[in-house]
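K.L.:
coords please:
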Amino acid sequence: MIFTKDNLKLGLVLGLIGPVLGLIVIYFIRFPSYQFGDFLDYFLHDNKMITSVGAMSLLANAILFTIYVNTQRDLTAKGIFIITLIYGIAILVLKLFN
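P.N.:
All right, here's what the predicted structure looks like:
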């Protein structure tokens with residue numbers, strides 16, 4: 001299975017997908033009454049939402065990273081970590097310039 005491989009590219013892809021899925025889960029749990037576009041607009045323009053929802057969506061990558069580190073698939077974990085840093089920096093920049 002593809003998820004059992006130790007591959008940097010796999011880690012980068014999983015790192016990109018994890019926060020997006022985390023954001024979608026947060027949307028369905030906490031904001032089901034909003035349209036998804038309205039939710040994204042609210043997320044991108046409210047500093048409190050950027051911090052809280054951004055951090056919660058990165059939790060998906062923390063879970064993935066932990067799984068791959070504990071199973072000694074370090075290249076995949078490295079890819080997840082790199083993308084997590086990029087997402088974290090993007091959230092910080094978005095918060096600063098909002």
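K.L.:
these two touch, right, Thr76 and Val13?
P.N.:
No - judged on CB atoms under 8 Å, Thr76 makes no contact with Val13 at a distance of 9.6 Å. Just so you know, the C-beta spots here come from the backbone N, C-alpha and C atoms, and that holds for glycine as well.
K.L.:
more neighbours, those two?
P.N.:
Thr76 (27 against 16; other CB atoms under 10 Å).
K.L.:
grab the nearest non-local neighbour of the more buried one.
P.N.:
Nearest non-adjacent residue to Thr76, counting by CB to CB, 6 or more residues apart in numbering: Gly11, 3.9 Å away.
K.L.:
from Ile91, how far out is the one you found?
P.N.:
Using CB to CB, to the nearest Å, Gly11 is found at 20 Å from Ile91.
K.L.:
who's more crowded, these two?
P.N.:
Gly11 (25 against 18).
K.L.:
for the residue nearest the centre of the chain, give me its contacts.
P.N.:
Taking CA atoms, centre = their mean, the centroid of the chain lies closest to Pro19, which sits 2.0 Å from it. Contacts for Pro19 (CB atoms under 8 Å, 6 or more residues apart in numbering) come out as Ser57, Leu58, Ala60, Asn61, Thr84, Tyr87.
K.L.:
check which helix or strand it maps to.
P.N.:
Using DSSP states H and E, Pro19 sits within helix 8-30.
K.L.:
buried stuff in that helix?
P.N.:
Leu10, Gly11, Leu12, Val13, Leu14, Gly15, Gly18, Pro19, Gly22, Leu23, Ile26, Tyr27 (16 or more other CB atoms under 10 Å).
K.L.:
export it to PDB, keeping only CA atoms.
P.N.:
Below are the C-alpha coordinates for helix 8-30, written out as PDB (Å, rounded to 0.1, in the frame of the first residue of the first chain):
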ATOM      1  CA  LEU A   8       9.700  12.300   0.900                       C
ATOM      2  CA  LYS A   9       7.300  13.000  -2.000                       C
ATOM      3  CA  LEU A  10       4.600  11.100  -0.200                       C
ATOM      4  CA  GLY A  11       5.200  13.100   3.000                       C
ATOM      5  CA  LEU A  12       4.900  16.400   1.000                       C
ATOM      6  CA  VAL A  13       1.600  15.300  -0.500                       C
ATOM      7  CA  LEU A  14       0.200  14.100   2.800                       C
ATOM      8  CA  GLY A  15       1.400  17.300   4.400                       C
ATOM      9  CA  LEU A  16      -0.500  19.300   1.800                       C
ATOM     10  CA  ILE A  17      -3.700  17.300   2.100                       C
ATOM     11  CA  GLY A  18      -3.800  17.000   6.000                       C
ATOM     12  CA  PRO A  19      -4.600  20.600   6.900                       C
ATOM     13  CA  VAL A  20      -7.100  20.900   4.100                       C
ATOM     14  CA  LEU A  21      -8.900  17.800   5.400                       C
ATOM     15  CA  GLY A  22      -8.600  19.300   8.900                       C
ATOM     16  CA  LEU A  23     -10.200  22.500   7.700                       C
ATOM     17  CA  ILE A  24     -13.000  20.600   6.200                       C
ATOM     18  CA  VAL A  25     -13.600  18.600   9.300                       C
ATOM     19  CA  ILE A  26     -13.600  21.800  11.400                       C
ATOM     20  CA  TYR A  27     -16.100  23.400   9.000                       C
ATOM     21  CA  PHE A  28     -18.600  20.500   9.300                       C
ATOM     22  CA  ILE A  29     -18.300  20.300  13.100                       C
ATOM     23  CA  ARG A  30     -18.300  23.900  14.100                       C
END
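K.L.:
lovely, talk soon.
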